[in-house]
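Trainee: turn this into a model:
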Amino acid sequence: MNAATIPEQPLPTWRRAVLKVGSNLLAADGGGLTPRHAEALAAFIAASHAQGRQVVLVSSGAVAAGRALLRERLPNGGDLAARQALAALGQAPVIELWRRLAERPVAQVLLTHDDVRNRRRYLNARATLRELLALDALAVVNENDTVAVDELKLGDNDNLGAIVAALVEADLLLIASDIDALYTADPRRDASATPIASVAEVTPAILAMAGGSGSAVGTGGMRTKLKAASKAASAGIPTALFDGRNADTVRLLGEGRLRGTLFQAGTSRLQARKYWLRHAPAAPGAIRVDAGATRALAGGHASLLPGGILDAEGEFHRGDVVEITDADGRPVARGLVQYGMAEVRRLAGRHSREITGVLGYSYGSEVVHRDDLVTLIEGEPENGT
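Mentor: Alright, predicted model coming up:
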């Protein structure tokens, strides 16, 4: 569909935004990277900065750039080590592309699964990004694919964009795509598909409208963008999806107008700590609790004490985010544990005053403090309190 037929609407008021740019907007037809679409996006970032706004960039393109550098000596593309090598080779060209286009210093920030899972590292990453914003630098964020393995990846960069938006407490997530809006069906296959201007909530019916990836170089499709929008909405952050290939559409963003789909924010904002607990990757394993603890945790005001624990399994350690389930294995909550799996097993069913006697030391009377816990049972208040 022609961009002119997509209705314009005002963008939500914002001071800080995260802009996610996918590989399909940066990859050149003959391999490598091209500034063809990046130039307009860089101009939008510069214009926003001139207006006193802040933009954090989540940029793909490293693997595509790495392939172009090797040309005739491409490794087996399906091998994990080969993909990591391509990502390592391509990180520098990605940063160089944005450095050439930006009007201010450019900083590279590579995040890993552990940076999101570990609370201390999460807060360290947030502090670094905030300092870069204070220094008026353009932070270019990507997952550190050179060390990530499939089981411990954050996922696609749409998901990373939502994570970073929450990390920096952004007012808006912008997803530059190769499609101009969410449609009722895949417009490449269904001529009757029509664009949707606004989505109040990403429901299963909305997810069903998602098609597959439209690019040979990208890893995400519309479904990943919808999931990212849903994740951002749960943090109170609206998401704007637009065609990053259309320079006029990008220019309109600088004027506060969106030609695309706006995904509304949730009706209430989760506390930043509760949001992180809900969405951070959990450590392997779980803590199983009895019916009394299940009821107490469902209220959203209780800590998890040793006496309500039935058992623990997995390989989690002190400081990890761990799933908490009822006696039948159904998710009840997740939280930041004060004790590792072996310690929790030893404390299961005990009174808090016995902790020192059992372990020889104590990190506190709670296995998970209520401030470090978020309830997963349906009906929990959105603010996590």
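Trainee: contacting residues around residue 26?
Mentor: 33, 34, 37, 38, 59, 60, 61, 64, 94, 97 (C-beta atoms under 8 Å, 6 or more residues apart in numbering). Heads up, the C-betas are built off the backbone N, CA and C, glycines and all.
Trainee: residue 195 against residue 183, yeah?
Mentor: Yes: with contacts counted by C-beta atoms under 8 Å, residue 195 reaches residue 183, the gap being 5.5 Å.
Trainee: where does this protein have low pLDDT?
Mentor: Counting by pLDDT under 70, the chain has low-confidence residues at 1-4, 71-80, 119, 145-155, 211-220, 267-272, 378-385.
Trainee: okay, now the domains of it?
Mentor: Taking automatic domain parsing as the criterion, the chain consists of the domains 3-273, 282-375.
Trainee: in a markdown table, list the contacts of residue 26 along with secondary structure, distance to residue 377 and neighbour count.
Mentor: A markdown table is the format used below for these (DSSP: H, G, I helix; E, B strand; the rest coil; distance: C-beta to C-beta, whole Å; neighbours: other C-beta atoms under 10 Å):
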| residue | secondary structure | distance to residue 377 | neighbour count |
| --- | --- | --- | --- |
| 33 | strand | 46 | 22 |
| 34 | coil | 49 | 17 |
| 37 | coil | 44 | 21 |
| 38 | helix | 45 | 22 |
| 59 | strand | 38 | 25 |
| 60 | coil | 36 | 28 |
| 61 | coil | 41 | 29 |
| 64 | helix | 43 | 26 |
| 94 | helix | 42 | 26 |
| 97 | helix | 46 | 22 |
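Trainee: just put the residues you listed in TSV and tack on distance to residue 370.
Mentor: TSV is the format used below for the contacts of residue 26 (distance: C-beta to C-beta, whole Å):
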residue	distance to residue 370
33	48
34	51
37	47
38	46
59	38
60	39
61	43
64	46
94	42
97	46
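Trainee: hmm, back to that, out of residue 195 and residue 183, which sits in the busier spot?
Mentor: Neighbours of residue 195 and residue 183, each counted by other C-beta atoms under 10 Å, are more numerous for residue 183; the result is 21 against 18.
Trainee: for residue 93, see how far away that one is.
Mentor: Distance, residue 183 to residue 93, using C-beta to C-beta, to the nearest Å: 33 Å.
Trainee: tell me where the stretch 201-350 of the chain has strands.
Mentor: 239-243, 257-263, 285-289, 309-314, 321-325, 331-336 (DSSP state E, counting those that start in this stretch).
Trainee: which stretch among these comes nearest residue 364?
Mentor: strand 331-336 (11.7 Å; C-beta to C-beta).
Trainee: show me the residue at the heart of this structure, geometrically.
Mentor: In the chain, the residue lying closest to the centroid (C-alpha atoms, centre = their mean) is residue 163, at 2.7 Å.
Trainee: can you give me the helices in this structure?
Mentor: Ranges of helices in the chain, per DSSP state H, are 23-26, 38-50, 62-70, 80-101, 113-117, 119-134, 157-167, 204-207, 222-234, 247-254, 272-279, 291-298, 341-347, 355-359.
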